[in-house]
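Enquirer: sequence plus the predicted model coming up.
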Amino acid sequence: MGLWAWLASPARSALVPVSCEGILRHVETDAGQRKRCKRWDIPWSVHFLTFSCFGRRAFLSKDRSRRWLLAALERARALHAFDLWGWVIMPEHVHLLIWARPETEISPVLKSVKQPVARAALAWVRREAPQFLPQMLDLQPNGRRSYRFWQRGGGYDRSMRTVRETYEKLHYIHQNPVHRGLADRAEDWPWSSARAWALGIDEPVRIDRGSFPDPEVTRF
Ligand code: NI
């Protein structure tokens, strides 16, 4: 759809304009041969993570809760060894594209991203908008009651096997708000890494573009 992504080349550390479609073609025709992307033979792993608000409610429709999430994400990357390549905050769910070190387990990463948001949200709602509490109430069949910001369980974790798949997921992440009619162009949505990739602006969150696979290689 004519989307232009500006991707930084780690080697040149300069911004070069390349279309997503162009990258994917290039990756496919690496070394002049039309061949499939090779599997990475490195021990690090790339994860496409998705997690949703409790009951798929739009708890992330306010800038306040989005800022809690971004602050938690920044703290999580200080605590755990992973690179952040892509992210989007939608009103009721979040996608992250991360590259985790071998020793990095995903569930503690997710916990340190999600738990502070839930705590901050519950404290805020109790103090400022207690009438909203029933929206967060999780009544389980066994009678347990708890207030939740996030859907129970860890969400969805998909491992990326190829560079091509990784580019596709980054593109998909950035297009989420466009598909939902929240923005005309991916970079118009302030709550994703689209602007960081398109404009080189690491606000509100820095992305680790230096480790992102170069479009000219299919493997490291
Ligand atoms: Ni989505």
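Expert: Now that the structure is in, tell me what you want to look at.

Enquirer: and Met160, how many neighbours?
Expert: 22 (other C-beta atoms under 10 Å). No exception for glycine: its C-beta is placed from N, CA and C like everyone else's.

Enquirer: for the closest residue to it other than its chain neighbours, give the beta-bridge partners.
Expert: Spatial nearest neighbour of Met160, excluding adjacent residues (C-beta to C-beta, 6 or more residues apart in numbering): Val46 at 3.9 Å. In this structure, Val46 bridges to Trp99, Met160 when assessed by DSSP bridges.

Enquirer: so for the chain, the centremost residue is which one?
Expert: Compute the mean C-alpha point of the chain, and by C-alpha atoms, centre = their mean the closest residue is Leu96, 1.8 Å away.

Enquirer: identify the bridge partners of Ser146.
Expert: With DSSP bridges as the rule, Ser146 is bridged to Asp138.

Enquirer: the residue nearest to the centre of the chain contacts Val46, correct?
Expert: No. Using C-beta atoms under 8 Å, Leu96 and Val46 do not qualify as a contacting pair, with a distance of 10.8 Å.

Enquirer: for the protein, which helix is longest?
Expert: The longest helix of the chain (DSSP state H) is helix 106-128.

Enquirer: which residues sit against it?
Expert: 47, 49, 51, 59, 64-65, 68-69, 71-73, 75-76, 79-80, 82, 96, 98, 100, 132-133, 136, 147-150, 154-155, 157 (C-beta atoms under 8 Å, 6 or more residues apart in numbering).

Enquirer: one more pass at 6 Å, please.
Expert: 47, 65, 68-69, 72-73, 76, 79-80, 132-133, 147, 149-150, 154, 157 (C-beta atoms under 6 Å, 6 or more residues apart in numbering).

Enquirer: just the buried subset of those residues, written out for ChimeraX, thanks.
Expert: In ChimeraX, a selection of the buried entries from the contacts of helix 106-128 looks like this (16 or more other C-beta atoms under 10 Å):
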select :47,65,68,69,72,73,76,80,147,149,150
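
Enquirer: so of the contacts of helix 106-128, which ones are in helices?
Expert: Using DSSP H, 65, 68-69, 72-73, 76, 79, 133 are the members of those that sit in helices.

Enquirer: tell me the confidence at the residue nearest to Met160?
Expert: Val46 is assigned 93 on the pLDDT scale.

Enquirer: give me the number of residues near it?
Expert: Residues near Val46, counting by other C-beta under 10 Å, number 24.

Enquirer: about what we covered before: and the residue nearest to the centre of the chain, what element?
Expert: In this assignment (DSSP states H and E), Leu96 forms part of strand 93-100.

Enquirer: how distant is that strand from the center of its chain?
Expert: 3 Å (C-alpha atoms, centre = their mean, to the nearest Å).

Enquirer: ok and that strand relative to helix 106-128, angle-wise?
Expert: Going by axes from the mean of the first three to the mean of the last three C-alpha atoms, to 10 degrees, strand 93-100 is angled at 140 degrees with respect to helix 106-128.

Enquirer: which strands and helices sit next to strand 93-100?
Expert: Packing contacts for strand 93-100, counted by 3 or more C-beta pairs under 6 Å, 6 or more residues apart in numbering; DSSP states H and E, involve strand 45-52, strand 82-89, helix 163-179.
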